[in-house]
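>>> prediction below, plus the sequence it came from.
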Amino acid sequence: MPSRFRDLSRDELAVLLPELLLIGQLIDRSGMAWCISAFGRAEMARIAIEEWAGSSPVYTRRMQHALGFEGTDVVTIFKGLQLDIGAPPQFMDFRYTVHDRWHGEFHLDHCGALMDVEPMGPDYVRSMCHDIEDPTFDATAVATNPKAQVRPLHRPPRVPAGRSPHCAWTVTIDESHPEVSGIPALALVQHTHAANLVLDPIDPVSEGLADYTGPLVSDLDFAAFSKSALVRLADEVCVQMHLLNLSFLIALRARCGDDAAQFTTIATRQLVGIAGIAAERIRHALELPGGVDGALRVLALHPLLNPAAYVVSSVAEGALSVSASPAHDDGAWITLCGPSSTRPLQAVVRAVDPTYDVDVSGTHTDWTLRVVETGTAAREFDEVAVTRVSTGASFEFEPRLSLPITPV
């Protein structure tokens, strides 16, 4: 099924890509607050570890394959991080140094995630920067080379206060290192439709870059890529979000056990929060119009409903129609939407106009949505307000020069 992002111009896609990467990072800001409330900080950290370790090796390999930079060295690892929702550009401002193929370093001049948790105190900082980062960095590296080790030079809590860069790490690949192995959830995620989704290949002869086989650069210039590559990238980043969410749901289900109501409540709250903020950022970035047509346009471009090959839907005659799809089979976000669960969809349309509501009719898998104008502004959902606490919700990207990084 053709990508819905094909309707955007090359310039619009170049603006959208960093937005999608940042939206993927904010999924955690949306979900983990409810996990802390239900299970406590320590268990939240374990959920986060399992969530990222169960998904990042899968989507990292997908991105390497899509842009043709598959390899086993530190440059391959660094290129993957630049296209990872765990490290959105500028918000997680990774700066890279390459010594040779097997040795490198990176530091963060700005860590938006740290800015979010630092006001919560040193226990939360240690939980993120120690307990979560250690296993998840290695899990990300294992997608490239199971002999890779990512180790800190320094990291928060920041001593002295306000230390910059916020953290610094070495990446070393050595045959003497023990191999990093995947967690049990990784095997489950690898067998999902999302993990094995086939997307349209990039046209190798269209104007602009069709791959990332050239040198590692300091900051990716998305405008340098072809429209065909940008369409594939947009779809791949949405796949990353779905894989992260599916891994989150595996970890969540393990904690909820037989309490189906608790599982559904937390999963839906995560979706409501990210749905609203994502819609707001997409509309603002692309300068999409208001009105009912604008709300439907935001829905059509929203990660909830993309890629088109994964979530079957269409907009026609003033309505959004959704049909049974691979995403339903996976138990993905779309299964939390429908006639009996409208809050995620309301969060999207209210990002366009707070007076909008939705009328959804049909079955759990096959339904139609119409945007309804109520004339009365609704109060922002608590889940959206919680996600908005993140500095990423209002983060603004700035122009950057894309310079090649050479070994030093």
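Looks like it came in fine.

>>> low-confidence ranges, this structure, go.
Counting by pLDDT under 70, the chain contains no low-confidence segment.

>>> all helices of it, in order?
Applying DSSP state H to the chain gives helices spanning 10-39, 41-53, 56-67, 74-82, 112-117, 122-126, 133-142, 184-190, 227-256, 260-286, 291-301, 326-330, 343-350, 382-388.

>>> closest to residue 211 out of these?
helix 56-67 (5.0 Å; C-beta to C-beta). No exception for glycine: its C-beta is placed from N, CA and C like everyone else's.

>>> and that closest one with helix 133-142, angle?
Using axes from the mean of the first three to the mean of the last three C-alpha atoms, to 10 degrees, the inter-axis angle of helix 56-67 relative to helix 133-142 is 40 degrees.

>>> quick check: domain ranges of this structure?
For the chain, the structural domains run 4-239, 259-392, going by automatic domain parsing.

>>> quick one: the nearest residue to residue 117 once chain neighbours are set aside from residue 108, how far?
Closest residue in space to residue 117, ignoring its immediate chain neighbours: residue 124 at 4.6 Å, by C-beta to C-beta, 6 or more residues apart in numbering. Per C-beta to C-beta, to the nearest Å, residue 124 is found 17 Å from residue 108.

>>> higher neighbour count, these two?
residue 108 (21 against 18; other C-beta atoms under 10 Å).

>>> sorry, back to before: and the domains of the chain as CSV, adding distance to residue 400?
CSV is the format used below for these (distance: least, C-beta to C-beta, whole Å):
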stretch, distance to residue 400
domain 4-239, 4
domain 259-392, 16
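
>>> quick one: closest of those domains to residue 250.
That would be domain 4-239 among the domains of the chain, by C-beta to C-beta, at 4.8 Å.

>>> now do the end-to-end distance for that closest one.
14 Å (C-alpha to C-alpha, to the nearest Å).

>>> residue 358 and residue 371 touch, don't they?
Yes - here residue 358 reaches residue 371: they are 6.2 Å apart, a contact under C-beta atoms under 8 Å.

>>> overlap in contacts of the two?
residue 349 (C-beta atoms under 8 Å, 6 or more residues apart in numbering).

>>> quick one on the thing from earlier: could I get the helices of the chain as a markdown table with distance to residue 167?
Below are the helices of the chain laid out as a markdown table (distance: least, C-beta to C-beta, whole Å):
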| stretch | distance to residue 167 |
| --- | --- |
| helix 10-39 | 16 |
| helix 41-53 | 17 |
| helix 56-67 | 18 |
| helix 74-82 | 14 |
| helix 112-117 | 8 |
| helix 122-126 | 11 |
| helix 133-142 | 8 |
| helix 184-190 | 25 |
| helix 227-256 | 22 |
| helix 260-286 | 25 |
| helix 291-301 | 34 |
| helix 326-330 | 34 |
| helix 343-350 | 33 |
| helix 382-388 | 24 |
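
>>> quick one: which of these is nearest residue 201?
Taking C-beta to C-beta as the criterion, helix 227-256 is the member of the helices of the chain that comes nearest to residue 201, at 7.6 Å.

>>> how close does the residue nearest to residue 78 when sequence neighbours are not counted get to residue 75?
Setting aside the residues directly before and after it, residue 78 is nearest to residue 96 in space (C-beta to C-beta, 6+ apart), at 4.9 Å. According to C-beta to C-beta, residue 96 and residue 75 sit 9 Å apart.

>>> overlap in contacts of those two?
Among the neighbours of residue 96, those also in contact with residue 75 (C-beta under 8 Å, 6+ apart) are 104, 216.

>>> for residue 398, which residues are in contact?
residue 90.

>>> before we move on, what about residue 112?
For residue 112, the contact set (C-beta under 8 Å, 6+ apart) comprises 25, 88, 91-92, 390-392, 395.

>>> now do residue 138 against residue 19, distance only.
As judged by C-beta to C-beta, residue 138 and residue 19 stand 28 Å apart.

>>> between those two, which is the more surrounded one?
Applying other C-beta under 10 Å to residue 138 and residue 19 shows that residue 19 carries more neighbours, namely 20 against 17.
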